[in-house]
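[1] Turn this into a structure:
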Amino acid sequence: MALIHRMTRLFQADVHAVLDRIEEPEQSLRQAIREMEAELDASEQHVRQRALEQQSLQARQAELNALLAETEQELDLCFQAHKDDLARGLVRKKLEAQGLLKRLRAMEAANTEWLREQQARVQESRLTLDGVRQKAEILLHRTLSERTAEAGENVGGSAWDVRDMTVSESDIEVAFLREQNARRPS
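    Coordinates of the predicted model:
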């Protein structure tokens, strides 16, 4: 039983390795980046839409404030003219406007908080996407270099390899000191 189980696992591992080679990791990586970009674009669009809603809420609040100011003036006139019935209607209108204004302010505050959080998330996603793009570019460049080296293409008589192009920290330090020494006033 254990032998069959182990053989099955080995066979599955071989099948997965073959599938990984067939899938072309570069294409999978590019597709993942495109999906991240699409998701980021959708998030940014949603944030823009909510920002427009925020502006609409602010405009509606300004209208209500103007209506309340106008209602106050009308109430003054009604009380001066001793028109209590008319004043009652205006008081109702004022109370309704105040209630609506209170709800709009609460909605605006919630929307402001949501926008702040989402803008931070979008910024974080944008930075993550930029990092993934950079890593993918390096990975794809390395993969291309490795394929070129495997194919036996020579540049100047030897296979070109990214590892041959690495520079150690000590090499950098020595070169820096040379450059610094060359630029010192005599």
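[2] for the chain, what spans make up the helices?
    Along the chain, the segments classed as helices by DSSP state H run 2-22, 25-80, 84-151, 169-182.
[3] Could you provide the ones you listed in JSON lines, with additional columns for mean pLDDT and mean neighbour count?
    Bear in mind the C-beta positions are built from the backbone N, C-alpha and C, glycine included. Shown next, in JSON lines, are the helices of the chain (pLDDT from 0 to 100; neighbours: other CB atoms under 10 Å):
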{"stretch": "helix 2-22", "mean pLDDT": "67", "mean neighbour count": "9"}
{"stretch": "helix 25-80", "mean pLDDT": "92", "mean neighbour count": "13"}
{"stretch": "helix 84-151", "mean pLDDT": "88", "mean neighbour count": "13"}
{"stretch": "helix 169-182", "mean pLDDT": "83", "mean neighbour count": "9"}
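[4] Which residue comes closest to Met107 once chain neighbours are left out?
    Using CB to CB, 6 or more residues apart in numbering and skipping residues adjacent in sequence, the residue nearest Met107 is Leu57, 5.8 Å away.
[5] show me the contacts for the one you found.
    The contact partners of Leu57, by CB atoms under 8 Å, 6 or more residues apart in numbering, come to Leu104, Met107, Glu108, Asn111.
[6] just those now: which is nearest Ser28?
    Distance ranking of the contacts of Leu57 against Ser28, using CB to CB, places Asn111 first at 38.4 Å.
[7] pretty sure the closest one is touching Gln55, no?
    No: assessed by CB atoms under 8 Å, Asn111 is found out of contact with Gln55, at 10.2 Å.
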